Structures are given as C-alpha cells and as structure tokens.
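[1] sequence first, predicted model second:
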Amino acid sequence: MKKLVLLATALTIVSGSAFAADLHVKALKAPPPAAFDPWDIAFGSAIMNDYVFRGVTQSNHKPSVAAYFEPRYNVTKDLQLYVGSSFESISFANRAAAEVDIYGGIRPTFGAFAFDFGVWGYLYPGGTCFFGGGATTDLAGKPLSAECQANTLLNGNVMKKDVSFFEVYGKVNYTINDNWQFGVNEYYSPNFLNTGAWGNYSSITGKYTAPSTIFGSSGVGMYVSGEFGRQWLGTSDSFYGVPAFPNGIKYADYNTWNIGIGFTYKVFTLDLRYSDTNMSKGDCNAFTSDFTAGGTTSVTPINPLGAGSNWCGATGIVKLSADLTAMTNLK
C-alpha cells in the first residue's frame, strides 16, 4: 500500500509539471495585438495626351502632367479624414500658369457602401484679363480694369484674370463583389469658374474589374469603366455679356460621357478612354472662351459672333499614372 501511494504521488507531480509546461507554451503562441497606425499618405503623378474635365479639354487637346499629395487619418477602419493638393498643367485663354487644387473631406464606409463628402478648391494663378477691343466698360456699363482694357483675344472672346472657384461634393460607391462597382456623384459650385454662374454636376459611374488571373501570373490587371454626367449652369455676370444679354449669358447645360479600358501593374495604371459631350461648338465657345476658336457659322443666342470651339467635342485620352500609399508601398 505504501508503494502504491508513493507511485500515485509521483505521477501527480509529473502530470502537473507537464500541464504547467503546456500552459506556458500556449501562452507564448499568442502574439501581441498589432499596433494600429491611423496615419497614411497617398501620392502619385500622371502624364496624359489631353487633360479633360467633364468632357471639356483643359489643355487645348495638348499633353498635360499632373501630381497629387493626400495625407489621410483613419479614425477607424470605416471612417477616414483627408486633405490633399494636386497640380495639373493647363492651357486657358487667360494664360493661367496651372491648375492647383486644394481639397478635404470625410470618407465613411457602411458595408458595401463607401461615401465621400468634401470641399474642392480649384485655383488658377498667374492669369491675365482679356477684354480689349477699345472698351473701357463691359456691355452693362461696369468699368474694366486697365489690364482688361489692354489685352485682346484675336477671335473676340473675353476671359477674367482669375477663374478660381470651389465646389462642395458628395459621392457614394456601391461594391457588389470583387468585379463590379457602381457610383453616384454630385458637385455644386455657387460661382463656377468665377463666371458668376452657379454650376451643378451629377453623374453615374460603373466599373468592371477583371479577375486577377486574366493575364495568368503576370501581375497585370484589367478594368473597364464609364461615366455619364450632366452639367447644369446658371447665368454669368455682365463681364461675359453679349449685346442681346448685356447683364450676362445663360450658359448651355450639357451631357458628357466617357468609357475606357485600363491596365494595372503594381502601382502603375494605363488608361485608354473616349470622351464626348452634346454641347454645340458655338455654346462651347461661349462657355470656354477658347482662344483657338474660329469661323463665323457657329452662331447661338449666347455666341453671336459665330466662332466655334472644338474643346467640348469627342476626344481620345491616353493616361499613364502611378499611385502609391505610404503604409503599403513605402514600408
């Protein structure tokens, strides 16, 4: 009996030690929770054969370069705050040096719905006022600056020195699955391009992303995307008035659409796109003050001299861009 007691005691001690050792091993297997870093920065650049904004070229159908920088703060995995700045080279009638954008907003996500609300400022520094033609006042009798009086565009168009403006916007994207995504966008400006006219732009978008294996193991991806939008515009101030409407012209509303195919590889995207609008050449000239517009046959109520512009017509866009984020690409 004494031997049995001693044997039982020994087994208990050995089993207890083994169990304790097992607990120690399991505790070591649990890794510490990963630290959450809420800060991130997105940045990138692009080169394109034509910079088109809502169906209208901003670069006179010539090549343009762009770059952007966007710090982000992720409050949670479903709520992001951001500010940003971007730069695009342009070719406007007032000879502005560039487009410089400053923007900021909030991006909440609810399941498959990703929202984006913010304010976007479009700045066009370095411009020159063009009115000329010997006028000292506009057609409503408002005095013109010495600079406006001194500079004339050969085709009779006029343009202000500063066409900077801002918009408020709201967007939502709905992701159905890994392949399909649809969106709705809304932008509003109380003074579009500093013309005195309000502007409202609404659009719907769609995107199909092909399976990642479409080009085998090459790492090349592909997508097809498109957008249909409508730009509504109000009445300009008297600077842009014409004899029939000396206090300002009601700009033509128009539809715009684009469709394209893109190829991705790592941080690079090559996008090939077709863009067009239904705006007439005459109304396009009145809206853009195109310094290359010519002829006399594109007469509309707001374009009495008849110069026609091709800045709002069909165009093909080839864009090569690189997009990175610090937390993903710079670790």
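    Looks like it arrived, so ask away.
[2] only C-alpha atoms for contact and neighbour calcs from this point on.
    Will do.
[3] quick check: end-to-end length of stretch 247-262?
    End-to-end distance of stretch 247-262 (CA to CA, to the nearest Å): 45 Å.
[4] same check on stretch 89-96?
    First residue to last in stretch 89-96 (CA to CA) measures 9 Å.
[5] burial measure for residue 238, as a count.
    Counted with other CA atoms under 10 Å, the burial measure for residue 238 works out to 19 neighbours.
[6] repeat that for residue 331.
    Neighbouring residues of residue 331 were enumerated by other CA under 10 Å; the total is 6.
[7] next: residue 88.
    Other residues lying near residue 88 total 20 when counted by other CA under 10 Å.
[8] okay, and the beta partners of it?
    For residue 88, the beta-bridge assignment (DSSP bridges) gives partners residue 66, residue 99.
[9] ok, residue 256 next?
    According to DSSP bridges, residue 229, residue 277 are recorded as the beta-bridge partners of residue 256.
[10] distance of it relative to residue 201?
    For residue 256 relative to residue 201 (CA to CA), the value is 10 Å.
[11] now do the shared contacts for these two.
    229, 230, 231 (CA atoms under 8 Å, 6 or more residues apart in numbering).
[12] pretty sure the second one is touching residue 204, no?
    Spelled out, it's residue 230. No: under the criterion of CA atoms under 8 Å, residue 230 makes no contact with residue 204, lying 9.5 Å away.
[13] run through who's touching stretch 136-154.
    With contact meaning CA under 8 Å, 6+ apart, stretch 136-154 is reached by 128-135, 158, 160, 238-239, 241-243, 246-247, 291.
[14] let's see that with 7 Å instead.
    Counting by CA atoms under 7 Å, 6 or more residues apart in numbering, stretch 136-154 makes contact with 129-135, 238-239, 241-243, 246-247, 291, all of which sit outside it.
[15] buried subset of the residues you listed?
    In terms of neighbour count (16 or more other CA atoms under 10 Å), the buried residues within the contacts of stretch 136-154 are 129, 130, 131, 132, 238, 239, 241, 242, 246, 247, 291.
[16] quick one: secondary structure of residue 147?
    Classification of residue 147 using DSSP: H, G, I helix; E, B strand; the rest coil returns helix.
[17] go on, residue 42?
    Going by three-state DSSP, the state assigned to residue 42 is strand.
[18] okay, and the beta partners of it?
    When bridges are called by DSSP bridges, residue 42 pairs up with residue 70, residue 325.
[19] surely it meets residue 327?
    No: under the criterion of CA atoms under 7 Å, residue 42 lies out of contact with residue 327, with a separation of 8.9 Å.
[20] name all residues that make contact with residue 274.
    If a contact means CA under 7 Å, 6+ apart, then residue 274 has 258, 259, 260, 315, 316, 317 as its contacts.
[21] picking that back up, tell me the one of the contacts of stretch 136-154 nearest residue 37?
    Sorting the contacts of stretch 136-154 by distance to residue 37 puts residue 129 at the head of the list, at 48.0 Å, by CA to CA.
[22] next up, the contacts around residue 60.
    Listed by CA under 7 Å, 6+ apart, the contact set of residue 60 reads 91, 311.
[23] that'll do, ta.
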